[in-house]
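[1] quick one, fold the following:
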Amino acid sequence: MKRLSVLNLFLLAWAALTAPAAHAAFPDRPVKIIVGFPAGGPLDTHGRLLADKLQSALGQPVIIDYKAGAGGSVGADFVAKSPPDGYTLMLANTGVMVINPAIYPKLPYATLKDFVPIARTAQQPLALLVHPAVPASNVQELIALAKKSPGRLNYGSAGNGGSSHLVPEMFKQSTGTFIVHIPYRGSAPALTDLLAGQVQMMAESIPLASQYVKQGKLRALAITGRERNAALPGVPTFAEVGVKGMDVVGFYGVMAPAGTPKDVVARLSEAFKQVLENPDLRKSMTAQGADPAYLGSEEFGAYLTREMPVWAKAVKDSGAKLD
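    Reported below is the predicted structural model:
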C-alpha cells in the first residue's frame, strides 16, 4: 500500500508538472486555417496574405485548407466539429458568420454558440455604384428616379443572400423604392454587366469599385459605414445624404471551435494583432480590397452580437431564402 501511494503521488506530481508545460508550448505543430470557399477568391487571397506573416508570429507553419460549399457553411461546420485545441481555425466573412444564420433554415452551426472569436481582421465598406448612363448624379436624384418609375431600375449582385444583395435591399427599405434584383454567380459577372450597362446599379467593395470610379466608367453615389473612405474621399456616406440604417460593412474574421482554451485564444488573438500592425501587410490588404480592422476576441464577439440582428433584419426585409 505504501509503495502504491508513493507511485500515485509520483504520477500526480508528474502530471501537474508536464501538463502546463505542454499547454504553454502552443503552438508546437502547424496551424490550419479553413476557408469555406474555393481557392482563388477574395477570402482565400486575404487568408494567404495573413498566413505568410502569421507563420513568423507563431513560429509554426500556417496552412490554408479549403472546405467549400453552401456559402461557406461546409467549412464552418467542419471547424465547429474540430478539436478545440487552436490548431484548426476558420477564416470567414460576413456571409458565413452573420448572414447565413438568418438565410439558411437548417444551418449545421450557430455562430455565437459553436465558435469562439479570435480576431476580426478586416472590414469592407461598400459603394453604391451606377452606370454613367443613369440620370442621377447623387442619391436623392436616384431615389426620385426610382420613385418616378418603379421597377425601371435594376441592380446586379454576386448572388442571393450576400452583402451585395442585402445592401441594396436595405437601401430600398429605407427609401421606399422598388428596384429589381438581378442575381449573378459571383461578383465578377455582375460587375461586367454593370460596366456594359446591362444592369444599372450595384453595391461593391470600395477598393474594387474605386478603380472604375476613378476611370470614369462608373459613378459612386454613396458608401456604407460611418465614415468616408480614403479611396473615395469625395463620396458621402449614406447617413450624410439622409439615408438611415446603412452603416453596415462587410468584414473578415477568424474563429475557433467553442471550448478552445482561453490562453490559446489569447495567444492566437495577439498573433493576429501583431500581424495586422505590419505596415507592408496593411498596404497589401488595402490593395486587395480589405481595410485592416483588428478587434480582439472579446471585442469581436461583441461586434458579432451587434451585427447579427442588423443583417437578420435585412434578410427578412429582402425575403431572401436559401435551401
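
[2] show me what the longest strand that the chain contains is packed against.
    Ordering each strand of the chain by length in residues (DSSP state E) puts strand 115-124 first. Counting by 3 or more CB pairs under 8 Å, 6 or more residues apart in numbering; DSSP states H and E, the packing neighbours recorded for strand 115-124 are helix 42-58, helix 73-80, strand 88-93, strand 250-257, helix 262-276, strand 291-295, helix 297-318. Bear in mind the C-beta positions are built from the backbone N, C-alpha and C, glycine included.

[3] who does the third one touch, helix- and strand-wise?
    Using 3+ CB pairs under 8 Å, 6+ apart as the contact criterion, the secondary-structure elements in contact with strand 88-93 are strand 31-35, helix 42-58, helix 73-80, strand 115-124, strand 250-257.

[4] next, the angle strand 250-257 makes with that strand.
    Here the directions of strand 88-93 and strand 250-257 differ by 160 degrees (axes from the mean of the first three to the mean of the last three CA atoms, to 10 degrees).

[5] worst mean pLDDT among the helices and strands packed on strand 88-93?
    For these, mean pLDDT drops lowest on helix 42-58, to a mean of 91.

[6] just the residues contacting that one, thanks.
    By CB atoms under 8 Å, 6 or more residues apart in numbering, the surrounding residues in contact with helix 42-58 are 27, 31, 33, 35-38, 61-64, 66, 91-93, 121-122, 252, 268, 271-272, 274-275, 278, 281, 284-285, 288-290.

[7] which of those count as buried?
    For the contacts of helix 42-58, a neighbour count by 16 or more other CB atoms under 10 Å gives the buried set as 27, 31, 33, 35-37, 62, 64, 66, 91-93, 121-122, 252, 268, 271-272, 275, 281, 284-285, 288-290.

[8] and the residue positioned nearest the centre of the chain, what is it in contact with?
    Geometric centre of the chain, nearest residue: residue 93, 2.4 Å, by CA atoms, centre = their mean. Neighbour list for residue 93: 43, 72, 250, 251, 252, 253 [criterion: CB under 8 Å, 6+ apart].

[9] of the residues you listed, closest to residue 147?
    residue 250 (27.9 Å; CB to CB).

[10] how far away is that closest one from residue 123?
    Separation of residue 250 from residue 123 (CB to CB, to the nearest Å): 7 Å.

[11] the two: which is more packed in?
    residue 250 (25 against 20; other CB atoms under 10 Å).

[12] show the pLDDT at the nearest residue to residue 135 once chain neighbours are set aside.
    Once flanking residues are discounted, residue 135 sits nearest to residue 145: 6.5 Å by CB to CB, 6 or more residues apart in numbering. On the pLDDT scale, residue 145 is placed at 96.

[13] do residue 67 as well
    92.

[14] got the contact list for the closest residue to it other than its chain neighbours?
    Setting aside the residues directly before and after it, residue 67 is nearest to residue 75 in space (CB to CB, 6+ apart), at 3.7 Å. By CB under 8 Å, 6+ apart, the contact set of residue 75 is 34, 35, 36, 37, 66, 67, 68, 69, 90, 92, 96.

[15] just the closest of the residues you listed to residue 261, please.
    residue 90 (17.0 Å).

[16] hey, which helix or strand in the chain has the poorest pLDDT?
    Least confident helix or strand, the chain: helix 2-24 with a mean of 51, by mean pLDDT, DSSP states H and E.

[17] so how far is stretch 28-42 off the chain centroid?
    Distance, stretch centre to chain centre, for stretch 28-42: 14 Å (CA atoms, centre = their mean, to the nearest Å).
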